[in-house]
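Q: Here's my sequence, what's the structure:
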Amino acid sequence: MKYLFISILLVLLVNCKLKKDDSSERFKQSKIKISYTTFNFGKITIGDTVNCTFFIKNISEEKFIIDTVGTSCGCTTTTFTKDSVQKNGFAKINIQYIADNVGKISKSIVASDNTQQSFHTFYLKGSVVSH
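A: Got it, this is the predicted structure:
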């Protein structure tokens, strides 16, 4: 009985240690530097396409990972770095906006990542005029 109790206790301790190590590895937080978060494209005409890229530098020892990137409407599409970024490396978020309405434009792009803040918002601004 004594050996059974010690064996169960040992299994529980090892299991808790393994779970702790696994979860800490998945949730390490990186630190980043973003040069700018707003791109002002000025004035364009309806039907024009605007492309821009936001660069994010990893300034920590931990790998930087962008999980997802979302936009505020269907007229804005994104591609982004899906691989982890090492220290001093750069991740990119590429934005494409196709002007479909006349007026002032302010589109938001939200990136979910493994920093302490856990997400960052980028903006695309300008105005669209008719032909």
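
Q: Look up how far residue 126 lies from residue 108.
A: Look at residue 108 and residue 126: by C-beta to C-beta, to the nearest Å, they are 14 Å apart. All C-beta atoms are positioned from the backbone trio N, CA, C, and that covers glycine.

Q: go on, residue 72?
A: Applying C-beta to C-beta, the value for residue 72 to residue 126 is 14 Å.

Q: Just want to know which of these two has more residues nearby.
A: Between residue 72 and residue 126, counted using other C-beta atoms under 10 Å, the more crowded position is residue 126 (18 against 14).

Q: all helices in the chain, in order from the N-terminus.
A: For the chain, the helices defined by DSSP state H cover 2-26.

Q: What ranges does it have for its strands?
A: Here the chain has its strands, by DSSP state E, at 32-34, 38-45, 49-58, 66-71, 76-80, 90-98, 103-113, 119-129.

Q: want to try CSV for these, with mean pLDDT as columns?
A: Shown next, in CSV, are the strands of the chain (pLDDT from 0 to 100):
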stretch, mean pLDDT
strand 32-34, 97
strand 38-45, 97
strand 49-58, 98
strand 66-71, 96
strand 76-80, 97
strand 90-98, 97
strand 103-113, 96
strand 119-129, 97
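
Q: Identify the bridge partners of residue 78.
A: Taking DSSP bridges as the rule, residue 78 bridges to residue 95.

Q: these two touch, right, it and residue 94?
A: Yes: Residue 78 lies in contact with residue 94 (C-beta atoms under 8 Å); the separation is 6.4 Å.

Q: pLDDT value on residue 16, please?
A: Note on residue 16: pLDDT of 43.

Q: and if you look at residue 10?
A: What the model reports as pLDDT for residue 10 is 43.

Q: Use 617 as the first number for this chain going forward.
A: New numbering, starting at 617: the last item is residue 626.

Q: and the gap between residue 705 and residue 687?
A: Taken as C-beta to C-beta, the span from residue 705 to residue 687 is 24 Å.
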